[in-house]
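*Asks:* model the structure of this input:
(2 chains)
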Amino acid sequence: MTRRLAPTDAVIIGFGWTGMIMAEALTAAGLRVVAIERGPMRDTAQSFPPATAPDELRYAIRGDMLLPTAEETITFRNHLDQHALPVRKWGSFLPGSGVGGSGVHWNGHTWRLRPEDFALRSATIARYGRHFIPPDMTIQDWPVSYAELEPFYDGFEYLCGTSGQAGNLRGAIQPGGNPFEGPRARGYPTPPLTMPYGPTLFAEAAAGMGYHPFPLPTGNLSQPYTNPHGVVLGQCSYCGFCERFGCGNYAKASPQTTLLPVLTRRPALSLRTGCEVLRIVTDSTGKRATGVVYVDDKGEEWEQPAELVLLCAFMLDNVRLLLLSGIGAPYEPRAGTGVVGRNYAYQTVSAVQLFFEDKIFNPFIGAGGLGMVVDDFNGDSFDHGPAGFIGGAWLTQLASNGRPILARPTPPGTPRWGAAWKAATAHYYNRSLGLVASGSSSSHRGAFLDLDPGYTDRHGRPLMRMTFDFHPNDLRMSEYVTDRLAGIGRAMGPSRMAVFKRHAPYDIRPYQTTHVVGGAAMGAHPETSVVNRYLQSWDVSNLFVLGGSAFPQNSSYNPTGTIGALALWAASAITGHYLRAPGPLA
Amino acid sequence: MRPEALRRRDLLASSAMALVLAACAGPASLPPPAAEAAPFFTAEEAATIAAAVDRLIPPDAATPGGREAGCADFIDRQLAGPYGRSADLYMRPPFAEGIPQQGPQSPLTPARRYRQALAALATYCRNAYAGQEFAQLPPAEQDRILRGLEAGSLHLPGANGHAFFELLLANTMEGFFADPIYGGNRDMAGWRMVGFPGTRYDYRDYVALHNQPYPLPPVGLAGRPAWHQPA
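*Replies:* As a prediction, the model looks like this:
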């Protein structure tokens, strides 16, 4: 039996970055808000203090911060004609769970998309012609421009205290920053982190080749910072336990370290953890959400009526809840019709490993976003017409960690065990560097999300089914940028080098990136998008869908900066316009 | 009192502390308990694993091997806990065989895979080596068997030898390099081998010192052995 609770003004599904940004904005506007979170409460002092946080086995290997697949997973296949099977153990990407969501265990990379990324389709046509876009590619322009989002990028960076070096201040190119970035109104709130040896060598080699290295903008803070809400973040200690871990130093921007201390003092907010939303409820017209139904940790079902519904879960859950709730037309890949689940995209990541004899790097001195970057082979920095691809990559030497269960590279040809393995591991652990190319991912007709016809979760609901393989365009791009990455690697003077290019088929097992996006794309037309430019459902105007699900394709950049900016942009539209006159905003 | 006995007592104390913390903070913050007993393997299984981890990570003049580093104890404890029964994993049927890039689809938990493969390995060794057990074989023969399992060229009766080898290798490396609270990486042998300082958690004074050795020895979540010696 589903019991009905007292109505509230707004209900938030999922209490990570976008859920907390919405909770802050809506309670500040005077609304009563109920936030429903599937996972446990997490905060720094009790959940991941320095006494227990640096535990590689527990967090990086067993995945203690992650969504247990026993609770929910997806099924996966490369192509439409294959039978999808469940992902029983996370590998390629790592969804989080609990208060803070994946914003607890992220690395901290805080990027803005470039201006040309927002006009990907039209800019490609303008530069290379209509025929340059492969016919099965469904890339589209964002319904919002860089200039419109700039104040909200700024807002997110100042919420987080992001450490970095501006490259373009109101049109003036700044030395030491990314000369290819869009103009920003002001610099980063905190200066870049101090670079260890590896990124420094990378930057020297890249600069020597005429490229433009700059420090990666990151939410691992170079110095203590007080954000506009009065919340104080600490200084990064370069501990080397960042991605897959919570930060015991309050030094990594996360929902916990930027917003939670404010929200716990807002009586208008009620947070229910251990509660999983089963569906969004709509009225008889299907055009209006009346609330949500959720199940608590005792298995009891509750209906929470609300005037406004904010879908703020991980992108896979956003798309799945839309499908399970019957909101929006499901994408049909054979016909190319429908929108929910359309334009799923990933990223195309490749790597180069360098081995030295005469240098040591102390790889355990690290932070999630401690690296130097070259952005010369990305977006429209260069003419990618002759190379025959759309997109690009940023290249980096990232000093993120030297945690030895996973980070113990040996040169190609080394046995995986025995005396020779042991000798090579002892020698090269401290004498090796990894370079990474983080590349874009095009949306295309064969990459999509829908409900699995067979496998179900613990509540008996269908799992999400993912169908994905790399588009040939993205593999051409990756090949090109990996060659450039290897060129920088060679200039760094290693004794040996191993190049790891990305090949099809896409493999769900090895970790690549957690930047899964799309499926509830934002757009200018309801025929090709799920939400409008304010992340408002075209079908149900009192429902907003936030997060990476809104991306119409993926750029090379880590998505959290854009996810945060879009959440602030949508919150501004809701509090500034929607609440005064509820209804479609576009 | 022997130093080893002291360490065991301290481990017990830290387990008790963990329970107190857990009572205050809820299960999310519970540090994994340092199990005292060797709870999963039979004596014969334990002997086989101890021999195998010492071939995967053989001792040398500079560093102990997998056996002395406690890799077998580590695996034993892991298999007795939630990892051993795939407690967090999606284990709903049907278990269809897919293409490799769809990931593992076996209904076997790690505990069941070890039990099944170790029984099959025991049978294989008794048949092939005139009744001897794996642990009694000369190192070269043990290596030959492990290489055969790794390559998939040596078939165990009623078990997937290759999948077992991959699991054993992964768990052995975990045991060699995980924090010592889990029973492996004894005296931080794995960390010392590569020069990993463990859980120091603060390198601000060293980040700008390029191409220079880090001067301090490793520490773990429960400190260092030297901290537990009698005064």
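*Asks:* please make it C-alpha for all contacts and neighbour counts, starting now.
*Replies:* Fine.
*Asks:* in chain A, which helix is the longest?
*Replies:* helix A:472-491 (DSSP state H).
*Asks:* which elements pack onto that helix?
*Replies:* helix A:197-208, strand A:348-355, strand A:393-398, strand A:432-439, strand A:496-500 (3 or more Cα pairs under 8 Å, 6 or more residues apart in numbering or on different chains; DSSP states H and E).
*Asks:* so which of these gets nearest chain B?
*Replies:* helix A:197-208 (4.9 Å; Cα to the nearest Cα).
*Asks:* and for the closest one, what are the contacting residues?
*Replies:* A:212-214, A:361, A:370-374, A:396-399, A:433, A:488-489, A:491-492, B:208-211 (Cα atoms under 8 Å, 6 or more residues apart in numbering or on different chains).
*Asks:* so among those, which ones count as buried?
*Replies:* Taking 16 or more other Cα atoms under 10 Å in any protein chain shown as the criterion, what is buried in those is A:212-214, A:361, A:370-374, A:396-399, A:433, A:488-489, A:492, B:210-211.
*Asks:* OK, contacts around residue A:54?
*Replies:* Shown in contact with residue A:54 (Cα under 8 Å, 6+ apart): A:241, A:245, B:199, B:201, B:221.
*Asks:* quick one on the thing from earlier: quick one: the longest helix of chain A to strand A:496-500, angle?
*Replies:* 170 degrees (axes from the mean of the first three to the mean of the last three Cα atoms, to 10 degrees).
*Asks:* avg pLDDT for helix A:472-491?
*Replies:* Across helix A:472-491, pLDDT averages out at 98.
*Asks:* and that helix, what's buried?
*Replies:* A:473-482, A:484-486, A:488-490.
*Asks:* which two of those have the greatest separation?
*Replies:* A:473 and A:490 (26.0 Å; Cα to Cα).
*Asks:* pretty sure residue A:310 is touching residue A:11, no?
*Replies:* Yes - Residue A:310 is in contact with residue A:11 according to Cα atoms under 8 Å; the separation is 6.2 Å.
*Asks:* looking at those two, which is more packed in?
*Replies:* Each of residue A:310 and residue A:11 has its neighbours counted (other Cα atoms under 10 Å in any protein chain shown); residue A:11 has more, 28 against 23.
*Asks:* distance of that one from residue A:564?
*Replies:* For residue A:11, the distance to residue A:564 equals 19 Å [Cα to Cα, to the nearest Å].
*Asks:* name the residue most distant from the centre of chain B?
*Replies:* residue B:208 (34.8 Å; Cα atoms, centre = their mean).
*Asks:* tell me the contacts of that one?
*Replies:* A:194, A:195, A:196, A:197.
*Asks:* which of the helices or strands spans it?
*Replies:* Taking DSSP states H and E as the definition, residue B:208 sits outside all helices and strands.
*Asks:* tell me the spacing between it and residue A:194.
*Replies:* In terms of Cα to Cα, residue B:208 sits 7 Å off from residue A:194.
*Asks:* try residue B:60
*Replies:* Where residue A:194 is concerned, residue B:60 sits at a distance of 38 Å (Cα to Cα).
*Asks:* which one's more surrounded, these two?
*Replies:* Neighbour tally, residue B:60 and residue A:194, criterion other Cα under 10 Å: the higher count belongs to residue A:194, 15 against 11.
*Asks:* need the pLDDT of that one.
*Replies:* pLDDT for residue A:194: 98.
*Asks:* quick one: contacts for it?
*Replies:* Neighbouring residues of residue A:194 by Cα under 8 Å, 6+ apart: A:222, B:207, B:208.
*Asks:* hmm, 10 Å instead?
*Replies:* Counting by Cα atoms under 10 Å, 6 or more residues apart in numbering or on different chains, residue A:194 touches A:200, A:215, A:222, A:238, A:370, A:371, B:204, B:207, B:208.
*Asks:* surely it is within a strand?
*Replies:* No - per DSSP: H, G, I helix; E, B strand; the rest coil, residue A:194 lies outside any strand segment and is coil.
*Asks:* against residue B:131, how distant is it?
*Replies:* For residue A:194 relative to residue B:131 (Cα to Cα), the value is 62 Å.
*Asks:* same question for residue A:462.
*Replies:* Separation of residue A:462 from residue B:131 (Cα to Cα) stands at 51 Å.
*Asks:* the more surrounded of these two?
*Replies:* residue A:462 (21 against 12).
*Asks:* what bridges to the more buried one?
*Replies:* residue A:456 (DSSP bridges).
*Asks:* OK, contacts around it?
*Replies:* Counted by Cα under 10 Å, 6+ apart, residue A:462 has contacts A:72, A:74-75, A:320, A:323-324, A:450-456.
*Asks:* so which of the buried residues of helix A:472-491 comes closest to residue A:515?
*Replies:* The shortest gap between residue A:515 and any of the buried residues of helix A:472-491 belongs to residue A:474, at 15.3 Å (Cα to Cα).
*Asks:* ok, the residue in the stretch 201-350 of chain A positioned nearest to chain B - how many residues close by?
*Replies:* Chain B sits closest to residue A:239 of the stretch 201-350 of chain A, with a gap of 4.2 Å, by Cα to the nearest Cα. Residue A:239: 26 surrounding residues under other Cα under 10 Å.
*Asks:* many thanks, have a good one.
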